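[1] missing the sequence, but the structure's below:
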């Protein structure tokens, strides 16, 4: 999943996408600057919301990553 997220983050042009987790949460990614999915062994994805709050996700708990619909 981490590789797929990195692929979507680097797409040109960028298209918003949604990350869904095993607990049923959805994170709508509107801009690539709000997500960190480092190409290292760090086993987490960091998402920053527009209000400054942050979420740390384990790639093992992500169930799907899809392009957002309008």
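    Structure's in. What do you need? As the structure is a computational prediction, the values presented were derived from the model and not from experiment.
[2] only C-alpha atoms for contact and neighbour calcs from this point on.
    OK.
[3] in this structure, where is pLDDT below threshold?
    For the chain, the stretches flagged by pLDDT under 70 are 70.
[4] all strands for it, in order.
    With DSSP state E, the ranges of strands along the chain come out as 17-21, 26-29, 35-36, 45-48, 54-57, 62-67.
[5] just give the nearest non-adjacent residue to residue 18, would you?
    Once flanking residues are discounted, residue 18 sits nearest to residue 28: 4.5 Å by Cα to Cα, 6 or more residues apart in numbering.
[6] for stretch 63-70, list every residue counted as buried.
    Neighbour-count burial for stretch 63-70, with 16 or more other Cα atoms under 10 Å as criterion, is recorded at residue 65.
[7] ok, and what's touching that stretch?
    Stretch 63-70 is contacted from outside by 1, 4-5, 15-22, 28, using Cα atoms under 8 Å, 6 or more residues apart in numbering.
[8] ranking by neighbours, what's the top pick from those residues?
    residue 5 (22 neighbours; other Cα atoms under 10 Å).
[9] contacts only, for that residue.
    37, 65.
[10] ok, so what distance separates residue 41 from residue 59?
    12 Å (Cα to Cα, to the nearest Å).
[11] more neighbours: which of those two?
    Taking other Cα under 10 Å, residue 41 and residue 59 do not tie; residue 59 has more neighbours (16 against 6).
[12] my read: that one touches residue 45, true?
    Yes. Residue 59 is within contact range of residue 45, at 6.8 Å (criterion: Cα atoms under 8 Å).
[13] okay, and the common contacts of the two?
    residue 2.
[14] quick one, phi/psi of residue 41?
    Phi and psi for residue 41, reported as degrees, to the nearest 10, are phi -80, psi 10.
[15] from residue 32, how far out is it?
    In terms of Cα to Cα, residue 41 sits 20 Å off from residue 32.
[16] run a quick neighbour tally on the residue nearest to residue 9 when sequence neighbours are not counted.
    Closest residue to residue 9 in three dimensions, ignoring its sequence neighbours and counting by Cα to Cα, 6+ apart: residue 32, at 5.2 Å. The number of residues packed near residue 32 is 18, by other Cα under 10 Å.
[17] thanks a lot, catch you later.
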